[in-house]
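1. Just to be clear, the model below is a prediction. Sequence and coordinates:
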Amino acid sequence: MKPITRRILQAVLYEAVAIAVVGPLLSLAFDEPASSTLGLAVVMSTVALAWNYVFNALFERWETRQTIKGRSLARRLAHGIGFEGGLVVMLIPVMSVWLQITPLQAFVANLGLLAFFFFYAIGFTWVFDRVFGLPASALAHEALEAETGGP
């Protein structure tokens with residue numbers, strides 16, 4: 001699969017599942033109408049979708065330059081921490097304004113989402129890689145040649 005197609009498919013699937021889970025969870029957690037929290041989930045997912053694409057492009061560029069190929073647990077953890085850490089910084093103001101809470105309250109509220117999404121990001125990426133295969137950036141040179149049919 002081409003890298004751009006892979007990134008788009010991964011991001012869209014990731015966010016579709018996230019909206020389906022997060023919308024109802026936010027409604028329960030903040031005692032807000034589901035229509036409001038679903039809207040917030042869509043806005044947050046839109047931010048996350050853009051960040052997902054940018055972050056994965058940067059991560060794969062970095063990954064290509066690494067001498068050790070593959071996606072070890074440590075590399076998957078680094079991926080999850082980098083992605084979620086950047087996302088938290090972007091989403092605190094969104095949650096604060098939408099829910100009419102302070103940035104500190106939004107940060108605390110975001111910790112629960114962070115915990116969920118940290119494991120979700122790692123698990124989702126692992127499942128996605130198992131279903132669609134590793135990206136070229138994570139393949140050993142020999143495996144890349146075998147997959148692409150040449151050096």
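-> Sure, I can see it. No experiment lies behind these values; they were computed from the predicted model shown. Numbering: from 1, shown residues only.
2. What ranges in this structure fall below the confidence cut-off?
-> 140-151 (pLDDT under 70).
3. cutoff 50 now
-> The chain contains residues with pLDDT under 50 at 142, 144.
4. Just the helices from it, written as ranges.
-> Secondary structure of the chain, counting by DSSP state H: helices at 3-30, 34-64, 73-99, 103-132, 141-148.
5. Turn those into JSON lines, columns for mean neighbour count.
-> C-beta: built from backbone N, CA, C; applies to glycine. Conversion of the helices of the chain to JSON lines gives the following (neighbours: other CB atoms under 10 Å):
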{"stretch": "helix 3-30", "mean neighbour count": "16"}
{"stretch": "helix 34-64", "mean neighbour count": "17"}
{"stretch": "helix 73-99", "mean neighbour count": "16"}
{"stretch": "helix 103-132", "mean neighbour count": "15"}
{"stretch": "helix 141-148", "mean neighbour count": "12"}
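6. Excluding residues flanking it in the chain, which one is nearest residue 12?
-> Leaving aside its sequence neighbours, residue 12 sits nearest to residue 49 (CB to CB, 6 or more residues apart in numbering; 7.4 Å).
7. Could you check how far the nearest residue to residue 138 once chain neighbours are set aside is from residue 135?
-> Sequence neighbours aside, residue 71 is the residue nearest to residue 138 in space, at 5.1 Å (criterion: CB to CB, 6+ apart). For residue 71, the distance to residue 135 equals 9 Å [CB to CB, to the nearest Å].
8. Find residues that contact each of those two.
-> residue 129 (CB atoms under 8 Å, 6 or more residues apart in numbering).
9. More neighbours: which of these two?
-> residue 135 (21 against 17; other CB atoms under 10 Å).
10. Who are the contact partners of that one?
-> Shown in contact with residue 135 (CB under 8 Å, 6+ apart): 3, 6, 60, 129.
11. Swap in 6 Å and give it another go.
-> Residues in contact with residue 135 (CB atoms under 6 Å, 6 or more residues apart in numbering) are 6, 60.
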